[in-house]
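Q: Here is my input; please provide its structure:
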Amino acid sequence: MMVAMRPFSSDPDSDSDSAPPGGQLPDPDPASEAIPPAATTPVRWSRLRAVDDQFLRRVERDQRDSDRAWKRRRIVAALTLLVGAIGLAASLRMDRDSPYFPLAALAVAAVWAGGAFASGRLHLGRIAVDGRLQRPIIQPIVAGLALAAVFIAGAFLTRLVPPLADQARSVLAFAEYGSIAALTVTTLLSGIAEEVFFRGALYAAIRDGRQIWVTTALYAVATALTGNVMLAFAAIVLGVVTARQRWSTGGILAPILTHVTWSMCMLHVLPHIF
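A: Numbering: from 1, shown residues only. The predicted model follows:
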C-alpha cells in the first residue's frame, strides 16, 4: 500500500520523523503553535545571530511519519545511497576534460533528489526569531560564508603540503577545462540535491540520537569512494555543520543554503589559490 506523500510541508516536524505505533500524527493547528521560551532570540541579534538559531536551539516539532512510512523511507534511502555513491565515484573519476562531466554530475544530483522525494515528506524547517517562527535564510548564508572563510584559510596551508595540494587540484581541474557557467549550475544543483537527500530523506530514516553522526559518516563514505582525501575531509566538516542545522531547525532549507553558499565560494575562489 502506497503512503500518500507531498514534497514539502510547512508544518514543523520531529527530529526523527518517526511516530510510535498507531500511525500518522495529526498536523498541528498553526493558531495554537507555541514557541518554547528557550528558542526565542533577542531582537538585537535577530538577523545575524546564527550560532544559537541554527546549532544550539531546537524548535519544537510534532509532525512524524507512521511506522509504515518510516520503514518505506529507510528502504528508499538505502537504495538511493547505494546508486548515488556509485554514480558520484564514477563521475569524479572521469577525465578532467570530458564534456560529459556536467551531465554525469547532474545525473547523480537527479538520483539524490529523486530518491529523497520518493522516500516521503520533506520539511523546510524553521527558526525562532523575535518570538516568531520563520524560515532560516540569512543565518545559514552567513554560516556558509564563515565556513568558506575557514576552508579558504586552510587552502593556503594545504598548498604547502604537496600530496594534499595535488588532491585539491585534482578536483579543481574540472573548473579549468569546463564552462564556468555550466559548472556553476552543476555545483548549485548538486549541493541542493545532496542536502535534500542526506539531511532530508536519509536523516529522517534514522532513529533519534544518531542522525548527525550516521548521516555525516555515510556522506563521508560516499564521497571517499571518489578516492579523494580532501573531498572526504570536506564532506565530514560540511556534514557535521549541516546535520546540526537539520537537528536544530527541523528541515532542509538551512542546510541547503549553507551548502550552496560554501560550494559557490569554493568553486570560484579556490582555483585562484591552487
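Q: Now do the SS call for residue 68.
A: With DSSP: H, G, I helix; E, B strand; the rest coil as the basis, residue 68 sits in helix.
Q: Determine the number of other residues adjacent to it.
A: 12 (other C-beta atoms under 10 Å). C-beta here means a position set from N, CA and C on the backbone, and glycine is covered the same way.
Q: In contact with the residue nearest in space to the middle of the chain, which residues?
A: By C-alpha atoms, centre = their mean, the chain has its centre lying nearest to residue 195, at 2.6 Å. Counting by C-beta atoms under 8 Å, 6 or more residues apart in numbering, residue 195 makes contact with 242, 252, 255, 256, 259.
Q: Ramachandran coordinates for it?
A: phi -70, psi -40 (degrees, to the nearest 10).
Q: Quick check: it vs residue 189, distance?
A: As judged by C-beta to C-beta, to the nearest Å, residue 195 and residue 189 stand 11 Å apart.
Q: again with residue 101
A: Distance from residue 101 to residue 189, by C-beta to C-beta: 14 Å.
Q: from the chain's centre, how far out does the helix or strand residue 247 falls within sit?
A: According to DSSP states H and E, residue 247 maps onto helix 229-249. Using C-alpha atoms, centre = their mean, to the nearest Å, the mean C-alpha position of helix 229-249 is found 8 Å from that of the whole chain.
Q: I'd like the average pLDDT over that helix.
A: The pLDDT scores in helix 229-249 average 94.
Q: now for whatever helix or strand comes next after that helix, which elements pack on it?
A: Toward the C-terminus, helix 229-249 is succeeded by helix 253-273 as the next helix or strand (DSSP H and E). Counting contacts by 3 or more C-beta pairs under 8 Å, 6 or more residues apart in numbering; DSSP states H and E, helix 253-273 is packed against helix 138-158, helix 162-177, helix 180-196, helix 229-249.
Q: centre of the chain versus helix 253-273, how much separation?
A: For helix 253-273, the distance to the chain centre is 12 Å (C-alpha atoms, centre = their mean).
Q: can you check stretch 207-222 too?
A: 12 Å.
Q: Contacts made by it with the rest, please.
A: 15-16, 18, 81, 84-85, 88, 194, 198-199, 202-203, 206, 232, 235-236, 238-240, 243-244, 246-247.
Q: re earlier: roughly how far does the residue nearest to the centre of the chain sit from residue 133?
A: In terms of C-beta to C-beta, residue 195 sits 21 Å off from residue 133.
Q: Okay then, goodbye and thanks.
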